[in-house]
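Visitor: okay, predicted coordinates and the sequence, questions at the end:
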Amino acid sequence: MAEHPAPTGQASQEAGGGPDGWTQADLAAMRLALRQAELARGLGEVPVGAVVVDAQGEVIGLGSNRTIADSDPSSHAEIVALRQAAARLGNYRLPGASLYVTLEPCPMCVGAALHARLARVVYGAADPKTGACGSVIRLHEHRQLNHQTRVSGGLLARECGDILRDFFRERRRKPG
Ligand SMILES: [Zn+2]
């Protein structure tokens, strides 16, 4: 299987993804998510960004991590973006929609993606600490949960990881 190198070693090579399988629309959506991550960084939040795109390719939700600003442990970028998309459509289910997020989603966010019946989740960097798409657990593939949501990882993984690494490096440097 050497023709499919997986930089993260996890869910990178599933349907719809992979180093050669990304579309221009995938790249554009992840770049938009990266811009959301930059916004989070500017506010002193852990820089993670997310975008929800509908089946027609229209952006229907944007989110950046806001756990500190909201004093809310559930204010992850994915949840913020999903809330915006669902409110916009007036429907908690978003069939056909895709979520792009700069960091591998945690169990809570994978759960939300499954509840929303998303067609697809695409993430950038792997998260060895709480990633629920292969790094720690493979929640999206659990047999008793729905199988409607495809997950692929590794899109712009370096850019998505760099912004996090820079953030934590800077934070360690600052006393207090
Ligand atoms: Zn999360």
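Guide: Now that the structure is in, tell me what you want to look at.
Visitor: who's Val59 bridged to?
Guide: Val53 (DSSP bridges).
Visitor: typo on my end, it should be Arg150
Guide: Arg120.
Visitor: I'd assumed Arg117 was in contact with it.
Guide: No. Counting by CB atoms under 8 Å, Arg150 stays clear of Arg117, with 12.0 Å between them. Glycine gets a C-beta too; all of them are placed from N, C-alpha and C.
Visitor: for the residue lying closest to Leu89 once chain neighbours are set aside, give me its contacts.
Guide: Nearest residue to Leu89, sequence neighbours excluded (CB to CB, 6 or more residues apart in numbering): Ile60, at 6.7 Å. By CB atoms under 8 Å, 6 or more residues apart in numbering, the residues touching Ile60 are 52-54, 84-85, 88-89, 94, 97.
Visitor: so the most centrally placed residue in the chain, which state does it fall into?
Guide: Residue closest to the average C-alpha location in the chain (CA atoms, centre = their mean): Val101, at 2.2 Å. With DSSP: H, G, I helix; E, B strand; the rest coil as the basis, Val101 sits in strand.
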